[in-house]
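[1] when you get a sec, could you give me coordinates for this:
(4 chains, ligands or ions: 4)
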Amino acid sequence: MPEMTYRQALKTAMAEEMERDESVLLMGEDIGVYGGTHLITDGLIDRFGPKRVIDTPIAEGGFTGAAIGMAMLGLKPIVEMMTWSFSFLASDQIIQTAAKVRYFSGGQVEVPLVVRGPNGGGVQLSAQHTHSMENLYGHFPGLKVVSPVTPADVKGMMLTAIRDPNPVVFLEAGALYGTKGEVPDGDGGVPFGKARVAREGTDVSLISYGRQVNLCLRVADRLEEEDGVSAEVIDVRSIRPLDEDTIVESVKKTHRAVAVQEQWRLFGVASETASIIQEKAFDYLDAPVIRVSGAEVPAPYARNLEVAAFPNEQQVANAARRTLYMEEK
Amino acid sequence: MPEMTYRQALKTAMAEEMERDESVLLMGEDIGVYGGTHLITDGLIDRFGPKRVIDTPIAEGGFTGAAIGMAMLGLKPIVEMMTWSFSFLASDQIIQTAAKVRYFSGGQVEVPLVVRGPNGGGVQLSAQHTHSMENLYGHFPGLKVVSPVTPADVKGMMLTAIRDPNPVVFLEAGALYGTKGEVPDGDGGVPFGKARVAREGTDVSLISYGRQVNLCLRVADRLEEEDGVSAEVIDVRSIRPLDEDTIVESVKKTHRAVAVQEQWRLFGVASETASIIQEKAFDYLDAPVIRVSGAEVPAPYARNLEVAAFPNEQQVANAARRTLYMEEK
Amino acid sequence: MPAESEERAGDGGVETQEQRGASSVATNGDHLVELYKEMVFIRVFEEACSRGFKKGKVGGYMHVYIGQEAIATGFLDAYREGDRIITAYRDHPHVLLLGSDPKAVMAELYGKGTGMVKGKGGSMHLFDVEKGFMGGYGIVGGHIPLGVGMAYALRYEETDHIVQTYLGDGSMSIGYFHEAVNLAGLWGKDGMCPCLFILENNQYGMGTSVERTTAMTDLVRKFDAYGVENEKVDGMDLEAVLEVAHRAAERVRETGKPYAVEALTYRTVPHGAADFLEKYRTKDEINKWRKRDPIGLLEHKLLENGLLDQDAVEEIRNETKQTMSEVTRFAEESDEPPLEELYTDVYAGEDEYMGEK
Amino acid sequence: MPAESEERAGDGGVETQEQRGASSVATNGDHLVELYKEMVFIRVFEEACSRGFKKGKVGGYMHVYIGQEAIATGFLDAYREGDRIITAYRDHPHVLLLGSDPKAVMAELYGKGTGMVKGKGGSMHLFDVEKGFMGGYGIVGGHIPLGVGMAYALRYEETDHIVQTYLGDGSMSIGYFHEAVNLAGLWGKDGMCPCLFILENNQYGMGTSVERTTAMTDLVRKFDAYGVENEKVDGMDLEAVLEVAHRAAERVRETGKPYAVEALTYRTVPHGAADFLEKYRTKDEINKWRKRDPIGLLEHKLLENGLLDQDAVEEIRNETKQTMSEVTRFAEESDEPPLEELYTDVYAGEDEYMGEK
Ligand SMILES: Cc1ncc(C[n+]2csc(CCOP(=O)(O)OP(=O)(O)O)c2C)c(N)n1
Ligand SMILES: Cc1ncc(C[n+]2csc(CCOP(=O)(O)OP(=O)(O)O)c2C)c(N)n1
Ligand SMILES: [Mg+2]
Ligand SMILES: [Mg+2]
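    Ligands and ions are numbered 1, 2, ... in the order given. Just a heads-up that it's a prediction; the model follows:
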C-alpha cells in the first residue's frame, strides 16, 4: 500500500472520482487559480478546467445554496469551506435546505452534495477560526456527518461521501493535513456508520474522533507503560450515523469509558457517547463515563493558552485512571 | 398576583425596562408598525417611538450584527427573531461575534444583547419553521441561553436578560404565547442558572424545559393516578448556565430519571442531562436515564404527523415506567 | 451601468420565433382567453383555500397570490419543457399554472396523504419536479442561490433550458439576494447562468413597505450592482407581462446570461395567516389597487374587444367554481397521511430513516 | 442614482474648517512630513512582524498592509476623539495610527501576556477601545454591520461622532456587505447613521481578482444600490486621500448619513501567511504597482518640494528601525500570558468563567 499524506489522500479521492464521474465538480474560495488555501485542490483546475473547479467569490451562503441547486438537478458538487468556522454563514443552506428538501418535497429530490474543509483547532488561529462542528451538524436529520482521522479513512470516506445521494458534512482534521499513512489503492469506499477500533484493549475504552484519536493512542501507550493498563481506543469516525454498537460492545468488554472531544463540553459528542453508554451498557459499567473536553472559552491565540484549551494526555490518562479508581498522576 | 398570558408577561418586562432604562431598544422585522408577527411588541412603537422600536428589513445577519455594534457602545438592544428558525442566518454574528468579542478583545468590550423569539414547534409550520435551538446555542461559551415556560419566568428572566452584560439567547415557548399564569408585580428578575422544581416527587425525575415541562406535569398526574408513582418534574429553564446541582439532587432522591426534549436525540439537552446524571449520581441510579426526543425527521406539516413527531404523554409515561421496571402501557 | 452591459433590453435585440408568438389582443385573442381562464382558476383556487384556512382545515402558514396573477401567468406562458421554476412560499399559482393536479395541491394544504408532497410540506413547500417545479421555500431569499445553481447545472449539462427564479421585493434586503445574483452575473459572463429573475414587487414584505426597507427604491436597478441587465413591467397588465416574458426568456436561453424583470403589482389581501390587522396600509390604498386588478383589467379588455361576453365570463367563473368544489371535496375527503410516512424521505437510498420509531 | 441623492460629493457642498485644514504640500508641508513618518512607521512595523512570522515567533494568520499605507494614514488624519474605527483582520496600521503602543501590538502578535488583548486575539483581533479602535475581525464582512450599528448608537446618544468602517474589495461579495450597507442607507435617511465606509480596494481577495468575483467591477458604485453616495480616490496618493478623507468625514458628521469612498491600492506583498505561491498574479504586475508605492510617491514629492532631504529620509528610517528593534525586543522578552488568563474575559460580570478548570 502506498504511503501518502492526509492531504494527498483527500485530493486523490476527489480527483479519481472526478475522472470516473463527470457530474462531480468542485466549488469554493481560491480552490482553483490560487491552488487552495490548504493546497488540497492544487493543480485540479489545470486538470479539469474552470467549469469543474469553480473559484467563487466570498459568499459561503450563496455558493453553498447554488451547489444545492446543482445537486438537485443531479450534479455532485463538492464545496470547500476554507474552514468549517466559516460555515455558520452557510448553516442555513446546509440545515434548512440541503438536509430537509428531500423530506419537504415528499421525496421528489435528492441532494448529493459534499461540503468539506478543515475542522478543529491547534494552529493558533484563535477564536473566530477555531471550531469543532460535529455536534452542531450532527444534530440534524437529513445530514450525514463524518470526521475521518487517518489518510486511508479520509480517502475511503470521501469516495463514499461523493457517491452518497445525501448531503454529507465532511469534517477534516485540519491540523493533520501533513500526516502520513498507508492508503489502499483502488476505488473502495469506507462505509459510514462504522466506528474503527484503533487499538484493542481490555481495561478501559477511550472513545473519540478527529485528531483526539491520536491523542488517545498516545495515552493508551502511556497507560500501558506507566500503569499496566490496557486501553481500547475507538475512533468514532462517523458522527451521523453514529455507530452505537461498536461503542457499546467495547464498554461491555472494558466496563469503563472516557469520551474525549476537542469541542466544548455541553451537548457535545462526548455527552452523547456517555449518554448512549449509560443507556445501553448500564449494567456493565463499573464507573461513570468521564468526559474530557475543551476548556469553556473561545479559542485563545497564544500558543500556551491554546495548548491548555484542548484536551491533553495527562487529562485523558487521569480520566482513565479515575474510571479504574487508580490514583491520578 | 395578576394573571397574564405568556405574551403579556414578555411585553410587560420589555416595556417596563424600557421605561426605566433609555439604553434599551427593540429591533426586528415588523415589530413596530405591523405590531409584531406574534403581537409581542404590539403598541410599543407608539409608546417609545421609531428610534427605540426599529423595524428592520429582512436581514437577520445584518441587523443582529448592527445590534452587536450598538451593544458594544453601551446600548441594550433586544432583537426579535421572528422565529428562531431564521436564526441560522444570524448564527455567525451570535456565535462568532457576540459570544466571543469580549474574549478576543481581552475583556475590552461587553455585549449586553438579548436575542429573543419563539422556539420549538407545535403549530404545523413544517420543516423550515420548526426548530429547538437550545443545544445549538447552548454549546458556545460566551452566550447565555434560557428557555422559560411559565409567564412568571418569562417576565423575570427577560428582566435578568436585559440587565445581563452578556449576550443572551432567549428561547420562548412560541406555542404557549396565549397561556396564562400568575406573574408577580415589580421589577424582580429570575436568576439564570437555577432550575425550577415544577412538581415535587419521590420515585422518578422527569427533566425537561420549554413546553415539554407541561407535558411532564400531565404525565406526572397520570403516573400518580394510574400507577401510584410519584414523579418529580424539573424545569431546567436555564440551558447555559445549566443547573447541574438541582438535577443531580433530584436524581439522588428519586434514583431514576427521564429526560424529555422536543429536539432531536443526538447531542441534545437530554443527552447532556443523562450524561451529567451518570457522571454525578452514578451510585444513586437504579436504572439508566431514558431520553425521550423528537422523531429523527425534519418537522412534517400534516397535523397527525406533527403530533407523532414530538414526544407525547404515553412515550414519557412509559419511559418513566421503564426506569421503574414496571410494565409499559 | 453594468460593467459588461451590451444594450439595455427593450432597445432592440433579436426578435425570435417565440417572441413574435407572445400574445396580444391583436395577435392572439384566443390564447389570451385561455390565459384569462387560468388567471380566474388560480384566483378561485386562492379563494377556496382561504376559506379552508378560515375553517381551520389548512394549518401553519399560508400565503395567497390574489392581485398578482398576471405575473406568474405571463411568465409561465414562456415556459418550455425542461425549464425549471423556483419560488418562495407564495407558490400555489406557479405550480398550478405548470399543470399540476389542483387536487393534489389542495390536499397538500389540507395536510392529506394525497397531497402533492404527501402532506409533509404544506402550503409553503409545494413541489412538482416532473413538471419543472423545483419548490416552494420558506426562508426569505433562501431559494435564490438554488435557482442560480440550477441554471449553472442546465448549462453544464449542455441543454438550452432556463430557470425562472421568482422573488419578492422584501427578499432583496437579505444577503442571499446579493450573493446569488452576484454569482449569476459572474457565471453569466461565460454564458453559464441562464437564470431569469422575476421580481414580484407587491410593494410590501409583510407589513414593511419598500421605502421602509431601503433608501434606493428603484428596486430592479439593484441588479445593476451585479452586471445583470434588467427592466420593469406593469405587473397588472398581462399583455405587457407576456411581451417581456417571452422576450426575456428567449434572451436568457440564447445567451446563458441572467436577466431580471421587475413586475410592479399589489397584494390586495393580507400577507398571510397572521396578518389580521393590516395596520401598515390604508383601505384607500388597497381599494385604489383593486381597481387595477389584473383579472379585472384583462376581462375588461377581452369584453371590449369582443373576445368574451358577459355570459362567457359568468360561465368561466361558474365552471371554475364547480371544479374547485370537486378539488376541495377531494382534499376534505382524503385521509391524513399514514403514520408510517413520518419516517420516509429523510434520506435517499438505503437509510431512509435513522433512529428509533 | 440613489433615491435620496442630494448632489454628488465633490461637486460643491459645504467647505468646513476641518476641510480647509486637510494638508497638501502647498498648505501644510510640516503635517505631511509627520504623516510621512507615520507611514514609514507602519511600514517598518509590518516588515518587522513579517520577520517575526518567518521566524515562527508569530503564529496563526497574519496579514500586513504593505502598499496600502496612504489609506489608513489619510483617513485616520480625519479622526476626532470620540469617533470609532473598525476593520477586518488587516488591522495593525489602524491601531498604530490611532496612537496605540506599538509594543503592545507587537507583543500581541508574539502571543505574549503584555499584548494589547493579553495574547488572546493575535494579529486579526487587535482592540484599543480607549483610543476608539473597536477591533479587528476575522470573518470577512462580519464587522460591517457592527460599524453600522455603532454609528446608530452614536446618534442615539446624540453625539456628533462618526464611525470609520474599513472594508476590502473581497468583502463586497458577502451578504453582510449588502445587509449592512442597506441598513446604513435606510437609517441615514433619518440622519441616524454617521458611518464612513472606506473601501480598501487592493484588487484581490486572497488570490481572487475583482473581475473574477463580480461582473460589475466599478466597485464603489455598488453603494448606489443602497442610496449611499460615494466616490473614488487614488489610494496611493496621500494628498488625494487626505482631501477626500476630511471632506467625507465632515459630511458624515454633519448629515448623519453614510458615505463611501473607494481607495484604489495594491498589496505589494502576499495576502498573508499561507500565500507562498502567488500564482494568481504576475511579478510584472507587482513591480508595476511597486512603482506607485504610496511612501515612495510621497517621499518623492517631499524631496522635490524641499520639505525633506535625503539625510532626513535616512534619519527617519533609521530612527524608526531603532524604535522597532525596541518594540520587537519588548515582544520577544515578554512572558507568555499566565495560564489563569485562559479563563478570564469569557463573560462580563460575575460568571467570568463557567466550567471546570
Ligand atoms: C429569513 C426570513 N426572515 C423572515 C421571514 C418571515 N417572512 C415571511 S414572508 C416575509 C415577507 C417577504 O416579503 P416579499 O419577499 O416581498 O414577498 P411577499 O410576501 O410580498 O410575496 C417575511 C418577513 C422568513 N420567512 N424568512
Ligand atoms: C466569511 C469568510 N470567508 C473566507 C475567509 C477567508 N479569507 C480571509 S481574507 C480573505 C480575502 C478578503 O479579501 P478583501 O476583503 O479584499 O481584503 P484584503 O485581504 O484584500 O485586505 C478571505 C477569503 C474569511 N476570513 N471569512
Ligand atoms: Mg412583497
Ligand atoms: Mg482585497
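[2] quick check: next helix or strand after the helix or strand of chain C with the lowest mean pLDDT?
    Every helix and strand of chain C was ranked by mean pLDDT, DSSP states H and E. The lowest is helix C:17-20, at a mean of 42. Downstream of helix C:17-20, the first helix or strand assigned by DSSP states H and E is helix C:29-54.
[3] ok, and what's touching the helix or strand that comes right after that following helix?
    Of the helices and strands lying after helix C:29-54 in sequence (DSSP H and E), the nearest is helix C:69-76. Residues outside helix C:69-76 that contact it (C-beta atoms under 8 Å, 6 or more residues apart in numbering or on different chains): C:35, C:38-39, C:42-43, C:65, C:85, C:93-94, C:97-98, C:164, C:166, C:196, C:198, C:200, C:235-238, C:241-242, C:244-245, C:249, C:261, C:263, C:265, C:294-295, C:297-298. Every residue, glycine included, has its C-beta placed from N, CA and C.
[4] angle of helix C:69-76 against helix C:29-54?
    120 degrees (axes from the mean of the first three to the mean of the last three C-alpha atoms, to 10 degrees).
[5] rewinding a little: mind checking which of the contacts of helix C:69-76 are in helices?
    Counting by DSSP state H, the contacts of helix C:69-76 place C:35, C:38-39, C:42-43, C:93-94, C:97, C:238, C:241-242, C:244-245, C:249, C:294-295, C:297-298 in helices.
[6] quick one: pLDDT of the closest residue in space to C:K118 that isn't next to it in sequence?
    What sits nearest to C:K118 in space, not counting adjacent residues and going by C-beta to C-beta, 6 or more residues apart in numbering or on different chains, is A:G106, at 4.0 Å. pLDDT for A:G106: 98.
[7] likewise C:E15?
    pLDDT, C:E15: 38.
[8] closest residue of the stretch 151-300 of chain A to chain C?
    A:P165 (3.9 Å; C-beta to the nearest C-beta).
[9] quick one: low-confidence parts of chain C?
    By pLDDT under 70, the weakly predicted segments of chain C are C:1-22.
[10] interface residues of it facing chain D?
    C:1-4, C:173-179, C:182, C:185-186, C:188-189, C:212-218, C:221-222, C:224-228 (C-beta under 8 Å from any C-beta of the partner chain).
[11] ok, of those residues, which come out buried?
    The neighbour count (16 or more other C-beta atoms under 10 Å in any protein chain shown) marks C:2-3, C:173-179, C:182, C:185-186, C:188-189, C:212-218, C:221-222, C:224-228 as buried among the residues of chain C next to chain D.
[12] inside helices: which ones of those residues?
    Cross-referencing these against helices under DSSP H gives C:175-179, C:182, C:185-186, C:188.
[13] which of the residues you listed sits closest to ligand 1?
    Nearest to ligand 1 among those is C:Y176, at 8.4 Å by C-beta to the nearest ligand atom.
[14] ok, the closest one touching C:V148?
    No - with contact defined as C-beta atoms under 8 Å, C:Y176 does not reach C:V148; the gap is 9.8 Å.
[15] between these two, which contacts overlap?
    Common contacts of C:Y176 and C:V148 (C-beta under 8 Å, 6+ apart): A:62, A:65.
[16] what's the distance between stretch C:282-298 and the middle of its chain?
    Put simply, stretch C:282-298 sits 19 Å off its chain's centre (C-alpha atoms, centre = their mean, to the nearest Å).
[17] I meant to write stretch C:285-301 there.
    The answer for stretch C:285-301 is 19 Å, by C-alpha atoms, centre = their mean.
[18] quote the end-to-end distance of that stretch.
    24 Å (C-alpha to C-alpha, to the nearest Å).
[19] could you do stretch A:223-237 as well?
    Termini of stretch A:223-237 sit 23 Å apart (C-alpha to C-alpha).
[20] same check on stretch A:100-109?
    10 Å.
[21] over to stretch C:205-219?
    In stretch C:205-219, first residue to last residue: 13 Å (C-alpha to C-alpha).
[22] does that stretch reach ligand 1?
    Yes - among the residues of stretch C:205-219, C:205-206 lie within reach of ligand 1 under C-beta under 6 Å from any ligand atom.
[23] which residue packs closest to A:V149, ignoring adjacent ones?
    Counting by C-beta to C-beta, 6+ apart, A:V213 is the residue found nearest to A:V149 once chain neighbours are left out, at 4.7 Å.
[24] just the endpoints, please. Distance across stretch A:69-82?
    The first-to-last residue distance of stretch A:69-82 comes to 21 Å (C-alpha to C-alpha).
[25] so how many other residues sit close to the residue of the stretch 151-300 of chain A closest to chain C?
    16 (other C-beta atoms under 10 Å in any protein chain shown).
[26] if I look at it, how far off is D:T255?
    Note on A:P165: its distance to D:T255, by C-beta to C-beta, to the nearest Å, is 56 Å.
[27] C:G207 now?
    Distance from C:G207 to D:T255, counting by C-beta to C-beta: 29 Å.
[28] more neighbours: those two, which one.
    Shown here are C:G207 and D:T255; by other C-beta under 10 Å, C:G207 has more neighbours (24 against 15).
[29] who are the contact partners of the more buried one?
    B:30, B:33-35, C:271, C:275, C:278-281.
[30] for it, phi and psi?
    Dihedral angles phi and psi of C:G207 (degrees, to the nearest 10) take the values phi -100, psi 10.
[31] please name the nearest non-neighbouring residue to it.
    Nearest residue to C:G207, sequence neighbours excluded (C-beta to C-beta, 6+ apart): B:Y34, at 2.9 Å.
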